[in-house]
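K.L.:
predicted model, plus sequence, below.
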Amino acid sequence: MTTAQPLDVTPTPLALLLLGRASDPSSERGVDCPGDLPSPSDPGLVERARAARERLGSRLFVLGHHYQRDEVIQFADVTGDSFKLARDAAARPEAEYIVFCGVHFMAESADILTSDAQAVILPDLAAGCSMADMATAEQVAEAWDVLTDAGVARSTVPVTYMNSSADIKAFTGRHGGTVCTSSNAERALTWAFAQAGENGKVLFLPDQHLGRNTAVRDLGLSPDDCVVYNPHKPGGGLTADQLRRARMILWRGHCSVHGRFSLDSVEEVRARIPGVNVLVHPECRHEVVAAADHVGSTEHIIRLLDRAPAGSSWAVGTELNLVRRLAARYAPEGKEIVFLDRTVCFCSTMNRIDLPHLVWALESLADGKVVNRIQVDQDTEHFARLALDRMLALP
Ligand code: 13P
Ligand code: SF4
């Protein structure tokens, strides 16, 4: 495989749900809102959210992912990336309700890591993740059969990105693998290769870009050591020989937000802002990551900008809600922060959690009605927890 991967344009069979109004129970994104949402133009929404929070007191803990809207993040008790939020949720055993302002796979992970007495709530069940939807349990089970037939399954350790459904995490747990996030992908891959033994392989799910970037940039593998398994083609579109020679078997998934940044965006911003530092998330395509000055997880991006000297300029390739917030936060310190691309690039599913959904969820809880609870079944939870615990124990 070459390093310059074209943007993956295979349509997912699941079209995005419009405004959370449709229903898609088979997808990672869940179903539409079962309640009566307050009107978005209600001028009292902020006050209503505050009042409901006060009524709930310490029984409530609100988590907010960095990509959430400003109108929502202001109500978060803690903010963070998916890894930090999962740990924060696990560290609050006294909270009866954990309202997760993020997307479905994050709420699932929070449910897995918290006790059965705690209810994890996702204010809009249609807040899913198109990347997580690109690897279904059936497709991954079929891929494992393909690897078994090629004689490589026994020497392959699966590693799944946090951005995957609980089913995929459970598959990983069952087959001796681990979960990783963009902050610990290098450690997770190093661990997995050690488990796989000499000439062992990693099956990396579902983000081909994070997998390739970590293998090539951080572990020093060659791009030719990576093959891409396409679940829409028989045998993944690979021969048994290609599978045997590969070290990294990358699932053909990507983030529709980070996948949009291109080499052109990098060249254009460098021409426009002399001396600009290009800083991107490792979910971006390999050629973008290779052309950037700095690469890192959401938390890493925030830390780097925090420490940046006054007068420096930064073009940041990650979700727009976060970039805009960082630009506003650091402008008074004389740091120029711009979005890497000229076109607007919000994560549409993250944006589904808006103030009306949050108010609806908080008021329902304050009235004693548990809504939109995310509950992973016991068997899936057991094996997904194995994979998550392996991640939490990574050296
Ligand atoms: P992190 O939260 O791990 O930075 O992942 C980015 C992302 O795409 C979340 O959906
Ligand atoms: Fe999924 Fe990308 Fe949105 Fe994150 S930013 S939730 S990976 S689509």
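P.N.:
Everything's here; your move. Ligands and ions are numbered 1, 2, ... in the order given.

K.L.:
surely V276 is in contact with R270?
P.N.:
Yes. Under the contact definition of Cβ atoms under 8 Å, V276 touches R270, with a separation of 6.1 Å. Every C-beta, even on glycine, is put in place using the N, C-alpha and C of the backbone.

K.L.:
the two: which is more packed in?
P.N.:
Using other Cβ atoms under 10 Å as the criterion, V276 and R270 rank with V276 on top: 19 against 16.

K.L.:
what stretches of the chain score poorly on pLDDT?
P.N.:
1-33 (pLDDT under 70).

K.L.:
check contacts around the residue nearest the centre of it.
P.N.:
Closest residue to the average C-alpha location of the chain: N163 at 3.8 Å, with Cα atoms, centre = their mean. Neighbouring residues of N163 by Cβ atoms under 8 Å, 6 or more residues apart in numbering: S82, F105, C129, M131, A132, P206, D207, C255.

K.L.:
which parts of the stretch 151-300 of the chain sit against ligand 2?
P.N.:
Counting by Cβ under 6 Å from any ligand atom, the positions of the stretch 151-300 of the chain adjacent to ligand 2 are N163, C255, S256, V257.

K.L.:
I'd say the last one and C347 touch.
P.N.:
It stands for V257. Yes. In this structure, V257 is within contact of C347 by Cβ under 8 Å, at 4.8 Å.

K.L.:
now the common contact residues for those two.
P.N.:
With Cβ under 8 Å, 6+ apart as the test, V257 and C347 both reach E319.

K.L.:
residue of the stretch 151-300 of the chain nearest ligand 2, please.
P.N.:
C255 (3.3 Å; Cβ to the nearest ligand atom).

K.L.:
let me know the secondary structure of that residue.
P.N.:
coil (DSSP: H, G, I helix; E, B strand; the rest coil).

K.L.:
residue contacts, the residue nearest to it when sequence neighbours are not counted?
P.N.:
Sequence neighbours aside, E283 is the residue nearest to C255 in space, at 4.4 Å (criterion: Cβ to Cβ, 6 or more residues apart in numbering). For E283, the contacting residues are M131, S182, D207, H209, L210, H254, C255, V257, H258, G259, by Cβ under 8 Å, 6+ apart.

K.L.:
neighbour count for those residues - can I get that in CSV?
P.N.:
Formatted as CSV, the contacts of E283 follow (neighbours: other Cβ atoms under 10 Å):
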residue, neighbour count
M131, 30
S182, 28
D207, 31
H209, 25
L210, 30
H254, 25
C255, 24
V257, 24
H258, 26
G259, 23
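
K.L.:
these in helices, which ones?
P.N.:
H209, L210 (DSSP state H).

K.L.:
quick one: residues contacting the closest residue in space to S262 that isn't next to it in sequence.
P.N.:
Distances taken as Cβ to Cβ, 6+ apart place V288 nearest to S262, at 6.6 Å, with adjacent residues excluded. Residues near V288 by Cβ under 8 Å, 6+ apart: F261, S262, L263, S265, V266, V280, G317.

K.L.:
coming back round to it: the residue of the stretch 151-300 of the chain closest to ligand 2 and H209 touch, don't they?
P.N.:
Yes. Assessed by Cβ under 8 Å, C255 is found in contact with H209 at 7.4 Å.

K.L.:
the lengthiest helix in the chain close to ligand 1?
P.N.:
When the chain is parsed with DSSP H, its longest helix is helix 378-392. No. With Cβ under 6 Å from any ligand atom as the criterion, ligand 1 is not reached by helix 378-392; the gap is at least 11.9 Å.

K.L.:
mind giving me the packing neighbours of that helix?
P.N.:
helix 104-113, helix 166-174, strand 178-180 (3 or more Cβ pairs under 8 Å, 6 or more residues apart in numbering; DSSP states H and E).

K.L.:
and the gap between the one residue in the stretch 101-250 of the chain that gets nearest to ligand 2 and K369?
P.N.:
Nearest to ligand 2 in the stretch 101-250 of the chain, going by Cβ to the nearest ligand atom, is C129, at a distance of 3.3 Å. C129 sits 27 Å away from K369, going by Cβ to Cβ, to the nearest Å.

K.L.:
the two: which is more packed in?
P.N.:
Set side by side, C129 and K369 show more neighbours around C129, with 25 against 10, by other Cβ under 10 Å.

K.L.:
tell me the secondary structure for the more buried one?
P.N.:
Strictly by three-state DSSP, C129 counts as coil.

K.L.:
so what's the nearest residue to it once chain neighbours are set aside up against?
P.N.:
Using Cβ to Cβ, 6+ apart and skipping residues adjacent in sequence, the residue nearest C129 is V103, 4.8 Å away. Applying Cβ under 8 Å, 6+ apart to V103 gives the contacts H65, L122, A127, G128, C129, A132, T349, M350.

K.L.:
do I have it right that the second one meets A107?
P.N.:
Yes. The pair L122 / A107 is scored as a contact, 4.4 Å apart, by Cβ under 8 Å.

K.L.:
which residues are common contacts for those two?
P.N.:
F100, I374.

K.L.:
for the closest residue to ligand 1 within the stretch 251-395 of the chain, which residues are in contact?
P.N.:
When scored by Cβ to the nearest ligand atom, the stretch 251-395 of the chain has T298 as its residue closest to ligand 1, at 3.2 Å. Counting by Cβ under 8 Å, 6+ apart, T298 makes contact with H66, Y67, D81, S182, H281, T318, L322.
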